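**Q** Any chance you can model this:
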Amino acid sequence: MIKIAISVNKCDSGGQKSLVMAYIRQFDTNRLQFDLIVDADSNSIPFDEVKTLGGRVFVIPPYQKIVQHVMALRKLFKKENYDVLYALNNTMNIFPLCVAYYSGIKVRISESLTMASPLEKKKTMMKNVLRKFSHLYCNYFMANGRDCGIYQFGKKAMDKGRIAIFLTPVDAKANTFNPELRQITRTRYGWSDKVVYGFIARFELQKNPLFLLDIMREIHKSSAKAHFVIIGIGSMEQQMLERIDSYQMKECMSWMGRREDIKQFYNAFDAFLLPSLYEGLPVVGIEAQASGLPVFFSEEVTREAAIGELGHFISLNKSAKEWAEIIVKETEKSMPLRRGREEDLKKAGFDAVMEAERLTKYFENAVIEQSKK
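**A** All right, here's what the predicted structure looks like:
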C-alpha cells in the first residue's frame, strides 16, 4: 500500500477542495492510504468525510507563519514516512515540496491548477517569482489543463511530455441533471416562473464579480423574468453589495452566502456565468455543465472547460450589454433541451471514477520508478 500526503494549504469552499474531494471519494483504500494536510485558517475542512473515507486530516499553521508552517510539515513528514507528497497549491507548492525533499519523500508531485492576470499586480508578481523555483524540489509535474501546465512549468516541459494532464474530476453520475430536484428547489425559493442565472465563486478580483453584476444588470433590463443567484464569500463582498444596491437589483437577486449544498442550485439554474480574468480549469464550470447548464466563460478560460455545445466563450473586450445579449439568446435556446451529460463528461475525461483510477496508477508507477533509483 502506498502512503500519500495531500497538501492543499487553504481548504476553503471552492474548486480546489472540490477537486481533491472528488478524487479521494473514489480512492481504493486497499491501494492508497491518504492524509490531507491543511492550513489552520481554512474555512471548510472536511474532517468527518475524510475520516469516513479512510483518511486523516492534519491541521498545521498557515503558510503566512512560514517558520511554524515549515516546522510542522517537517515534523509530520518525518513521523509519517510518506511515499508520495501530492501538492495542489500552484506556485505555493514550493514550501511543502522543499520540506518533502529534505525529509526523504521519494515521489514529490506538484500540480498546477491556475494561472495569473496582470490586473492582479501584487498577487501575479508573487506568483511569477515563486514559479521560477517551483521546479526545484518536485520530480513529477501535473496540471489540470495544458495552459496551467505551461504557465507553471514551461512550454519545453509540456512539449517533452513531462507534464501529466489530469482534467478536473467530477462525479458524473451524482452531478447529472435531476428534474425533480430542480422543481423542488425552484419552488422552495420562489423561482418557478423565473429564468435563473447563477454564479458560484469566491468574491475576488480573479472572478471579475463587479463586471458580472454589470452583465446581470443588462440581462435584467431585457428580461422581466430574469432572476440572479450569487453564492460565495470573499474580500469584494461589500463592493458587490453596494453595486447591487446602486443598480436597484435587490428584488431580482438571491444572495446565498457560502454554501456546501450547491448541487440543488445547478439544477435550479438556467444558465451559469463565469466571466473570470483567468482560471485553470474551473470545477464549478464542469459541475454546472454536468447538470446540463450552458456556461458562459470569458475567453481567458481554457477551451478544455467546454463540454460539447454547453461551453460558451466571450471576450472580456465586449461590453456587459454584448455579454447579456449572447447569454439571453443562448439560454433561451438551451432551456427546452436540458438534459444530463454523464456520458459526455466521461468521454471528455472529467469523470472522477475514471480519473481517480488513472491517478492511482500514476502514484503507483512513480513509486515503482523511484524505488529503482
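
**Q** When you work out contacts or count neighbours from here on, use the C-alpha atoms and nothing else.
**A** Noted.

**Q** May I have the secondary structure class of residue 76?
**A** For residue 76, the secondary structure call by DSSP: H, G, I helix; E, B strand; the rest coil comes out as helix.

**Q** quick one: it from residue 274, how far?
**A** Noted for residue 76: a distance of 38 Å to residue 274, by CA to CA, to the nearest Å.

**Q** Pick out whichever of those two has more residues nearby.
**A** The neighbour count for residue 76 versus residue 274, taken as other CA atoms under 10 Å, is higher for residue 274 (23 against 18).

**Q** Not counting sequence-adjacent ones, nearest residue to the more buried one?
**A** Nearest non-adjacent residue to residue 274, counting by CA to CA, 6 or more residues apart in numbering: residue 297, 4.9 Å away.

**Q** Can you name every helix or strand that the helix or strand harbouring the one you found contacts?
**A** If you go by DSSP states H and E, residue 297 is part of strand 295-298. Here strand 295-298 touches strand 271-274, helix 283-290, strand 311-314, going by 3 or more CA pairs under 8 Å, 6 or more residues apart in numbering; DSSP states H and E.

**Q** now these in a markdown table, with distance to residue 205?
**A** As requested, the helices and strands packed on strand 295-298 are exported to a markdown table (distance: least, CA to CA, whole Å):
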| stretch | distance to residue 205 |
| --- | --- |
| strand 271-274 | 12 |
| helix 283-290 | 17 |
| strand 311-314 | 18 |
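
**Q** lowest-confidence stretch among the ones you listed?
**A** Mean pLDDT values for the helices and strands packed on strand 295-298 show the minimum at helix 283-290, a mean of 93.

**Q** what comes into contact with that helix?
**A** Residues outside helix 283-290 that contact it (CA atoms under 8 Å, 6 or more residues apart in numbering) are 15-16, 18-19, 168-170, 172, 175-177, 200-201, 266, 272, 274, 294-295, 305-307, 310-311, 340-342, 345, 350.

**Q** ditto for stretch 263-275
**A** Applying CA under 8 Å, 6+ apart, the external contacts of stretch 263-275 come out as 175, 177-179, 181-183, 185-186, 195-199, 207-209, 211-212, 285, 287-288, 291, 293-298, 316, 331, 335.

**Q** ok, 6 Å please
**A** The contact list for stretch 263-275 (CA atoms under 6 Å, 6 or more residues apart in numbering) reads 182, 186, 196-199, 288, 293-298.

**Q** Can you tell me the strand partners of the strand holding residue 297 and which way each runs?
**A** Strand 295-298 has the following strand partners under DSSP bridges: strand 271-274 (parallel), strand 311-314 (parallel).

**Q** distance between the first one and the chain's centre?
**A** So that's strand 271-274. From the chain centre to the centre of strand 271-274 is a distance of 15 Å (CA atoms, centre = their mean, to the nearest Å).

**Q** Extract the C-alpha set from stretch 209-224 and format it as PDB.
**A** Provided in PDB are the C-alpha atoms of stretch 209-224 (Å, rounded to 0.1, in the frame of the first residue of the first chain):
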ATOM      1  CA  PRO A 209     -17.500  39.900  -9.800                       C
ATOM      2  CA  LEU A 210     -18.200  43.600 -10.500                       C
ATOM      3  CA  PHE A 211     -18.300  43.000 -14.200                       C
ATOM      4  CA  LEU A 212     -20.600  40.100 -13.500                       C
ATOM      5  CA  LEU A 213     -23.000  42.400 -11.900                       C
ATOM      6  CA  ASP A 214     -22.800  44.800 -14.900                       C
ATOM      7  CA  ILE A 215     -23.800  41.800 -17.100                       C
ATOM      8  CA  MET A 216     -26.700  40.900 -14.800                       C
ATOM      9  CA  ARG A 217     -28.000  44.400 -14.900                       C
ATOM     10  CA  GLU A 218     -28.100  44.300 -18.700                       C
ATOM     11  CA  ILE A 219     -29.900  41.000 -18.600                       C
ATOM     12  CA  HIS A 220     -32.400  42.400 -16.200                       C
ATOM     13  CA  LYS A 221     -33.100  45.300 -18.500                       C
ATOM     14  CA  SER A 222     -34.000  43.000 -21.300                       C
ATOM     15  CA  SER A 223     -35.900  40.400 -19.400                       C
ATOM     16  CA  ALA A 224     -38.600  40.900 -16.700                       C
END
